[in-house]
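Undergrad: following is a predicted model, sequence given first.
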Amino acid sequence: MATLIDGKNLAKRLNEMTAQRVEKLRTSHDIVPGLVVIIVGADQASQRYVRNKHRTAQKLGINSTIKELSSDVSQEELLTLIRQFNDDKTVNGILVQDPLPNQIDEKLVTKTIAPEKDVDGFHPENVGKLYLNDNSNYPVACTPKGIMTMFSEYNIDLMGKDVVMIGRSAIVGKPMAALMLNAGASVTIVHRHSKDVASYTKNADVIVSATGHLHTVTADDVKPGAVVIDVGQNMNEDGHLVGDVDFDDVEPKASFITPVPGGVGPMTIATLMQQTVDLTEWSLLRE
């Protein structure tokens, strides 16, 4: 039976530490970390996610601002707004919520956010530092960074391990692979065009799945004692939130496993808050 990686409890403790850091910045430097989330359009899932971020930030003492724009906003209007927040010294982290409407060039939006305020860690400069394993201060994509915190908390050593990353997105798959590679793992990335994915996962010490598809990983795909991290969020036939991994099937074979819900999800938002404070503290070092 696997050890359950309790992301909900770990996120709670991480938030407590973040709140302490926020209070220290306020009392020692008279600074309140500022986070701005820009949301374009009325996608309900995005709005719920943004409200959750906003509530968490407020609870931790972070100055959180939501800027809502209509779905027909022009690209230049959005870029102008981002530049204004880049120049605002009270703003330490800027995030533009996906999805964006068709008239917006998402890559240009990402490049326009100042690297030192890129709380999502998606700016090409920050991605480059991640892949170079640069030893300076820079933000990293929040979900992968949160998973690395899980590995550390549960003493899961990646050095020399064979890891399979299922999914190649810029949000999870690629930065997650880079972080694990930097930690000394041998990393294989597989995706929808890969042939015989199970031939890779069956030999993996660690599997991370971020596909958004039910039953991506079953017991037949996992060797005994593997660590299984489930990033997926899907609705099953009964309308319940589940992950990519067939949890009941895989859990008896794994050594560690994350549940859905209560695993990776809470760590993503907690890491976003942590990184907002990181950016604030790093800004002081540049002064």
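TA: Alright, I've got the coordinates. All values derive from a computational prediction rather than experimental measurement.

Undergrad: CA only for contacts and neighbour counts going forward, please
TA: Will do.

Undergrad: buried sites along the one helix or strand Glu76 maps to?
TA: Glu76 belongs to helix 75-86 when assigned by DSSP states H and E. Across helix 75-86, burial judged by 16 or more other C-alpha atoms under 10 Å covers 75, 78-79, 82, 85-86.

Undergrad: output these in a markdown table, with pLDDT appended to each entry.
TA: Output for the buried residues of helix 75-86, formatted as a markdown table (pLDDT from 0 to 100):
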| residue | pLDDT |
| --- | --- |
| Gln75 | 97 |
| Leu78 | 98 |
| Leu79 | 98 |
| Ile82 | 98 |
| Phe85 | 98 |
| Asn86 | 98 |
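
Undergrad: rebuild the residues you listed as CSV, extending it with distance to Asp162.
TA: Shown next, in CSV, are those (distance: C-alpha to C-alpha, whole Å):
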residue, distance to Asp162
Gln75, 43
Leu78, 42
Leu79, 42
Ile82, 40
Phe85, 42
Asn86, 40
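
Undergrad: before we move on, the earlier item: how far off centre is the helix holding Glu76?
TA: Taking the mean of its C-alpha atoms, helix 75-86 sits 24 Å from the chain's own mean (C-alpha atoms, centre = their mean, to the nearest Å).

Undergrad: could you export it as CSV, CA atoms only?
TA: C-alpha atoms of helix 75-86 as CSV (Å, rounded to 0.1, in the frame of the first residue of the first chain):
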residue,chain,number,x,y,z
GLN,A,75,-4.0,42.8,-27.9
GLU,A,76,-2.4,46.3,-27.5
GLU,A,77,-4.8,47.2,-24.7
LEU,A,78,-3.7,44.1,-22.8
LEU,A,79,-0.1,44.7,-23.5
THR,A,80,-0.4,48.3,-22.4
LEU,A,81,-2.0,47.2,-19.1
ILE,A,82,0.8,44.7,-18.5
ARG,A,83,3.5,47.3,-19.1
GLN,A,84,1.7,49.6,-16.6
PHE,A,85,2.0,46.8,-13.9
ASN,A,86,5.6,46.2,-14.9
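
Undergrad: who's in contact with the following helix or strand past it?
TA: Note on helix 75-86: by DSSP H and E, the next helix or strand toward the C-terminus is strand 93-96. Residues from elsewhere that reach strand 93-96, judged by C-alpha atoms under 8 Å, 6 or more residues apart in numbering: 34-39, 82, 85-86, 113, 117-120, 276, 279.

Undergrad: determine which two of those residues are furthest apart.
TA: Within the contacts of strand 93-96, Ile39 and Leu279 form the most distant pair, 21.0 Å apart (C-alpha to C-alpha).

Undergrad: the helix or strand that contains Leu284 packs against which elements?
TA: Under the criterion of DSSP H and E, Leu284 resides in helix 264-286. Here helix 264-286 touches helix 7-29, helix 44-60, helix 142-153, going by 3 or more C-alpha pairs under 8 Å, 6 or more residues apart in numbering; DSSP states H and E.

Undergrad: can you tell me the average pLDDT over the last one?
TA: In this model, helix 142-153 carries a mean pLDDT of 98.

Undergrad: list the buried ones in that helix?
TA: Within helix 142-153, the residues that count as buried by 16+ other C-alpha under 10 Å are 142-151.

Undergrad: now do it against helix 264-286, angle only.
TA: Interaxial angle, helix 142-153 versus helix 264-286 (axes from the mean of the first three to the mean of the last three C-alpha atoms, to 10 degrees): 100 degrees.

Undergrad: contacts for stretch 186-202?
TA: For stretch 186-202, the external contacting residues (C-alpha under 8 Å, 6+ apart) are 160-168, 173, 177, 180-181, 207, 220-223.

Undergrad: among the residues you listed, which ones are buried?
TA: Buried, going by 16+ other C-alpha under 10 Å: 161-168, 173, 177, 180-181, 207, 221-223, out of these.

Undergrad: what about the strands in the stretch 151-287 of the chain?
TA: Remark: strands assigned in the stretch 151-287 of the chain by DSSP state E, counting those that start in this stretch are 162-166, 186-190, 206-209, 227-230, 234-235, 241-242, 256-257.

Undergrad: now, of the helices and strands packed on helix 264-286, which is deepest in the fold?
TA: helix 142-153 (a mean of 21; mean count of other C-alpha atoms under 10 Å).

Undergrad: that older thread, buried stuff in the helix holding Leu284?
TA: Neighbour counts over helix 264-286 (16+ other C-alpha under 10 Å) mark 264-281 as buried.

Undergrad: what angle do that helix and helix 7-29 make?
TA: Using the same axes, to 10 degrees: helix 264-286 against helix 7-29 is 20 degrees.
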